[in-house]
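1. show me the folded form of this:
(one chain, ligands or ions: 1)
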Amino acid sequence: MDNKKRKSQFNQICKDIKSIKIQGARDIAKAGLKAYNLQPSKSSKKKLLSLRPTEPMLEKVLNQTNKLSTQEIFNHFQEAQDKINQNVLKIIKNKKVIFTHCHSTNVTQALINAKKKRKNFEVYNTETRPLYQGRKTARELRKAGIKVTMFVDSALGVALSKEQRTKKTDIVLLGADALTKKGVINKIGSEVIARIAHQEKIPTYIVADSWKYSKKKIPIENRSLNEIWDKAPKNIKIRNPAFEFVDKKYLTGIVTELGVRSYSEFLKSIK
Ligand code: RUB
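-> Numbers count the residues shown, from 1 in each chain. As a prediction, the model looks like this:
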């Protein structure tokens, strides 16, 4: 492939990551690596890391290109997912209603696997404004034959609360962009979900590849205001944080390729 073509493919991947056509930590890391291989340089790395600043797994992957081949890194993703799928089966044994948010490949693949293994459950999910990643989740799960009920984000209390007329949510499964010492970072809305679930005594688990762990301080990405209100009147302030921090105190545990652990046990196991 000539240089011009490589450059244009690199730019296209960057565009797709920025616009969230490619989204979710795992697919961002995979696509980022593919782009880096087209133009391996310091400036490519800098550019890729600037696209979605809340993605430590992308950084980890790019930092490992001198030690591991692309195939070995891709193998890790697949092997981790296979183990995660097995481990998720252990926690959703008799759970009937599973709640999830946004679109996480680690979560959706585990649910699709559970369906294949003939687990009987249905999923409640959020639409995930402003970019509606919940639709992607709903489509994928429905295609796999899983019953899905989608809620507007502001109805997540209804979806989680026992007192409401919906069926009781039995378990919450959330993905993660970053796993840190104090808790995790995931799509905006995750903290309030985990907090309500905690209050309602609904077990909440993070489902994630352990490569998302980082010791660094992770910045929270703020996205374009046009995603919320295109051509908004000038004197209205809008904020569009893409992610938020979820304190480990709200989490029942974390499911990674290393097993099902409490969050503190997980931290010990990756040290
Ligand atoms: C996606 C999101 C996902 C995590 C984990 O946010 O918050 O829960 O990235 O995803 P966005 P995965 O749509 O803004 O990228 O399990 O696919 O790694």
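2. give me the nearest residue to Cys14, chain neighbours excluded.
-> In space, and not counting its chain neighbours, Cys14 is closest to Leu51: 6.0 Å by CB to CB, 6 or more residues apart in numbering. Bear in mind the C-beta positions are built from the backbone N, C-alpha and C, glycine included.
3. can you list the residues that contact stretch 242-255?
-> 54, 84, 87-88, 91, 110, 174, 177, 179-180, 182-191, 194-195, 197-198, 203-208, 220-223, 260-264, 266 (CB atoms under 8 Å, 6 or more residues apart in numbering).
4. quick one, which of those residues are buried?
-> 54, 84, 87-88, 91, 110, 174, 177, 179-180, 183-191, 194-195, 197-198, 203-208, 221, 223, 260-261, 263, 266 (16 or more other CB atoms under 10 Å).
5. check the residues you listed against the ligand, which are close?
-> 177, 186-187 (CB under 6 Å from any ligand atom).
6. and which of those is nearest Phe77?
-> Within these, the smallest distance to Phe77 is 15.0 Å, found for Asp177 (CB to CB).
7. would you map the helices across the protein?
-> Secondary structure of the chain by DSSP state H: the helices cover 3-18, 25-38, 42-51, 56-63, 70-91, 105-116, 133-143, 156-160, 190-199, 263-270.
8. what does the protein put close to the ligand?
-> 20, 23-27, 102-107, 133, 175-177, 186-187, 242.
9. in the stretch 101-250 of the chain, what residue lies closest to the ligand?
-> Gly175 (2.9 Å; CB to the nearest ligand atom).
10. so how far is Gly183 from that residue?
-> 14 Å (CB to CB, to the nearest Å).
11. over to Lys117?
-> Applying CB to CB, the value for Lys117 to Gly183 is 30 Å.
12. enumerate the positions of the helix or strand bottoming out on mean pLDDT in the chain that are buried.
-> Least confident helix or strand, the chain: helix 156-160 with a mean of 94, by mean pLDDT, DSSP states H and E. For helix 156-160, the neighbour count (16+ other CB under 10 Å) marks 156, 159-160 as buried.
13. now do the strands in the stretch 151-271 of the chain.
-> Counting by DSSP state E, counting those that start in this stretch, one finds strands in the stretch 151-271 of the chain at the ranges 171-174, 178-179, 183-187, 204-207, 243-247, 253-256, 259-261.
14. now the shortest one: mean pLDDT?
-> Just to be clear, that refers to strand 178-179. For strand 178-179, mean pLDDT rounds to 98.
15. which other residues reach it?
-> Applying CB under 8 Å, 6+ apart, the contact partners of strand 178-179 are 25, 54-56, 184-185, 206, 208, 210, 212-214, 218, 254, 266.
16. let me know the closest of those to Lys4.
-> Nearest member of these to Lys4, counting by CB to CB, is Glu55, at 28.1 Å.
17. ignoring the adjacent residues along the chain, who's closest to the closest residue to the ligand within the stretch 1-150 of the chain?
-> Residue nearest to the ligand within the stretch 1-150 of the chain (CB to the nearest ligand atom): Gly24, separated by 2.7 Å. The shortest distance from Gly24 to any non-neighbouring residue, by CB to CB, 6+ apart, is to Thr105 (5.2 Å).
18. ok, now which ones touch the one you found?
-> Thr105 touches 24, 26-27, 81, 175, counting by CB under 8 Å, 6+ apart.
19. quick one on the thing from earlier: save the strands of the stretch 151-271 of the chain as JSON lines, and put in distance to Lys143 too.
-> Listed next are these as JSON lines, based on distance: least, CB to CB, whole Å:
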{"stretch": "strand 171-174", "distance to Lys143": "18"}
{"stretch": "strand 178-179", "distance to Lys143": "29"}
{"stretch": "strand 183-187", "distance to Lys143": "22"}
{"stretch": "strand 204-207", "distance to Lys143": "19"}
{"stretch": "strand 243-247", "distance to Lys143": "27"}
{"stretch": "strand 253-256", "distance to Lys143": "23"}
{"stretch": "strand 259-261", "distance to Lys143": "27"}
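20. the ones you listed: which one's closest to Asn11?
-> strand 243-247 (24.9 Å).
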